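Engineer: I would like the atomic coordinates for the input below:
(one chain, ligands or ions: 2)
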Amino acid sequence: MLIEMPRHTEIFGSVKIHELQRVLKLDSGGFENPRAKDISFGEIKAVLEHLAIIIPIKDEKIHLLDGVLRAIPFDCTVIVVSNSERDAHDIYRMEKDVITNIHNLTQQEILSIHQKDPELGFAFYEAGYDCLLDRDGLVRDGKSEGMITGMLLAKSLGKDFIGFADADNYVPGSVREYVIDYAAGFCMSESPYSMVRLHWRYKPKVVEDRLYFKKWGRVSETTNKYLNLLLSTCTGFETGVVITGNAGEHALTTKLADIMSYSTGYSVEPYHFVYLFDEFGLKAEKIAYSDALTAGIEIFQIETLNPHLHEEKGEEHIKNMLLGSLCTVYHSELCNDYVRSKVLEELGDILDAWERPPENIMMPPIGVIDASKFTKLLKSNSETFVMHEQGSIEDEAKEEEYLKGESFQAV
Ligand SMILES: Nc1nc2c(ncn2[C@@H]2O[C@H](COP(=O)(O)OP(=O)(O)O)[C@@H](O)[C@H]2O)c(=O)[nH]1
Ligand SMILES: [Mg+2]
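Structural biologist: Residues are numbered from 1 along each chain as shown. Ligands and ions are numbered 1, 2, ... in the order given. Presented below is the predicted three-dimensional model:
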């Protein structure tokens, strides 16, 4: 891959945020120049072998999951964490069928689990990590809660890198690119504590019967504005460096995943920045992770070559996402009265039900959890946990059915 070098890097305490880097060629020819770095496929493949891709999913169209699974490079392990319906329609069963078929046909390593599995709740409880459990001892609803589950499974497999891919992507080729972009980011990283966040080149919409290649989504534009304002008011120098505040498509080293705190639901991504600014920024008061502080935390922001075409989830979803995102800024330790007043102004009507922005639920770092013990418990007790290892032929009857084209009908 040939990728632009970052033109500038914003340094805030131990956090280094690289400016946007564009992908110039997905497959390059080894030609380097001062403005671009060539990363060979060999280097990328070496990262893929240590990378797990987590797919959080909740009631998506089964064809979309099928495309996403087929697009993820073989060398990665795939971990599907589903919060899909199991009552009226057992959507999780359909997801498991698709996963089994793909595993049987490709031999790729794929794990899957259902978020509401009581044994998953119990495994978290046993691990002393009950902050994501509800009153019945089940894991709460929420994308972030699913992501944490996936990260623990990735850790138990000894993975060094963890990435995420949404299940509602209409273009499998773009998913393949995202994974390669993550790997390229890690190839460029100089710190073991690093994160790669993707910025779509375009997010196409249908406007008056025509495709319009929109560059910015409403929520992401606003989230970025306030994350930048937070940073600018702290340093006294205006910046627009953050452009991936809501990047659902992101990846991080397991070392970094271990020391991050996570916000609930959809506020998880903007909170990455807020947490890193609070803990490792210029005004950090306590030194909890001296290794990371010394090594520095690197954030890469890569603009994809492919556009992002996903499911539209409606106005309510957009509002919730905006509220969750801006609440993380409002409650940052670095937030001053000026930024708080701007956030309140921005939220306006959305805030009607609350006097002040509600605080998101925070979940502490997962580094303290014994991931092997956690997975062992699931292996022996869980009804929904499936672990298809690389190279194992399973369920031959289903494979035959699939080859004959009899299973996986459109829903
Ligand atoms: N495991 C899990 N996944 C979820 C949950 N809620 C949403 N997702 C998945 O998270 C991904 C991103 O969610 P989406 O609604 O598309 O949000 P957006 O694309 O960021 O606007 C999709 O694959 C969803 O199916 C949840 O409660 N648990
Ligand atoms: Mg989506």
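Engineer: near ligand 1, which residues of the stretch 201-350 of the chain show up?
Structural biologist: 248, 310-311, 313 (C-beta under 6 Å from any ligand atom). All C-beta spots, glycine's among them, are computed from the backbone N, C-alpha and C.
Engineer: Would you map the strands across the stretch 201-350 of the chain?
Structural biologist: 203-207, 210-214, 250-253, 262-263, 297-303 (DSSP state E, counting those that start in this stretch).
Engineer: Now render these as TSV, adding distance to Lys61, mean neighbour count and mean pLDDT.
Structural biologist: Shown next, in TSV, are the strands of the stretch 201-350 of the chain (distance: least, C-beta to C-beta, whole Å; neighbours: other C-beta atoms under 10 Å; pLDDT from 0 to 100):
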stretch	distance to Lys61	mean neighbour count	mean pLDDT
strand 203-207	18	12	82
strand 210-214	20	11	85
strand 250-253	23	26	98
strand 262-263	27	26	98
strand 297-303	27	25	98
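Engineer: What segments of the stretch 201-350 of the chain are helices?
Structural biologist: All helices of the stretch 201-350 of the chain, identified by DSSP state H, counting those that start in this stretch, fall at 218-235, 254-259, 268-280, 290-295, 315-330, 337-347.
Engineer: Need those helices in a markdown table (columns: mean pLDDT, mean neighbour count and distance to Glu208).
Structural biologist: Shown next, in a markdown table, are these (pLDDT from 0 to 100; neighbours: other C-beta atoms under 10 Å; distance: least, C-beta to C-beta, whole Å):
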| stretch | mean pLDDT | mean neighbour count | distance to Glu208 |
| --- | --- | --- | --- |
| helix 218-235 | 95 | 20 | 18 |
| helix 254-259 | 98 | 21 | 43 |
| helix 268-280 | 96 | 25 | 31 |
| helix 290-295 | 93 | 14 | 49 |
| helix 315-330 | 92 | 20 | 19 |
| helix 337-347 | 95 | 15 | 29 |
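Engineer: so which of those gets nearest Glu49?
Structural biologist: When the helices of the stretch 201-350 of the chain are compared by C-beta to C-beta, helix 254-259 sits nearest Glu49, at 13.9 Å.
Engineer: what helices or strands is the closest one leaning on?
Structural biologist: Counting by 3 or more C-beta pairs under 8 Å, 6 or more residues apart in numbering; DSSP states H and E, the packing neighbours recorded for helix 254-259 are helix 143-156, strand 161-164, helix 290-295.
Engineer: among these, which is nearest ligand 2?
Structural biologist: helix 143-156 (9.7 Å; C-beta to the ion).
Engineer: Compute the number of surrounding residues for Ile361.
Structural biologist: Counted by other C-beta atoms under 10 Å, the residues lying close to Ile361 total 16.
Engineer: quick one: Ile259 and Leu293 touch, right?
Structural biologist: No: with contact defined as C-beta atoms under 8 Å, Ile259 does not count as touching Leu293 (10.2 Å).
Engineer: where's the closest residue to Ser84 other than its chain neighbours relative to Glu312, distance?
Structural biologist: Counting by C-beta to C-beta, 6 or more residues apart in numbering, Ser84 lies nearest to Ile91, which is 3.9 Å off, once chain neighbours are set aside. As judged by C-beta to C-beta, to the nearest Å, Ile91 and Glu312 stand 19 Å apart.
Engineer: what's the neighbour count on the residue of the stretch 251-400 of the chain found nearest ligand 1?
Structural biologist: Proximity of the stretch 251-400 of the chain to ligand 1 (C-beta to the nearest ligand atom) peaks at Lys313, 4.8 Å away. Number of residues near Lys313 (other C-beta under 10 Å) recorded here: 11.
Engineer: neighbour count winner among Ile91 and Glu312?
Structural biologist: Taking neighbours as other C-beta under 10 Å, Ile91 and Glu312 compare with Ile91 leading, 22 against 10.
Engineer: roughly how far apart are that one and Asp66?
Structural biologist: For Ile91 relative to Asp66 (C-beta to C-beta), the value is 13 Å.
Engineer: where does the residue in the stretch 251-400 of the chain positioned nearest to ligand 2 land on pLDDT?
Structural biologist: Closest residue of the stretch 251-400 of the chain to ligand 2, C-beta to the ion: His310 (4.0 Å). On pLDDT, His310 comes in at 89.
Engineer: Wait, it touches Asn169, no?
Structural biologist: Yes: shown here, His310 and Asn169 form a contact pair, counting by C-beta under 8 Å, at 5.4 Å.
Engineer: Out of those two, name the residue with the larger neighbour count.
Structural biologist: Looking at His310 and Asn169 with other C-beta under 10 Å, you find the greater number of neighbours at Asn169, namely 24 against 17.
Engineer: just checking, the more buried one touches Val68?
Structural biologist: Yes: Asn169 lies in contact with Val68 (C-beta under 8 Å); the separation is 5.6 Å.
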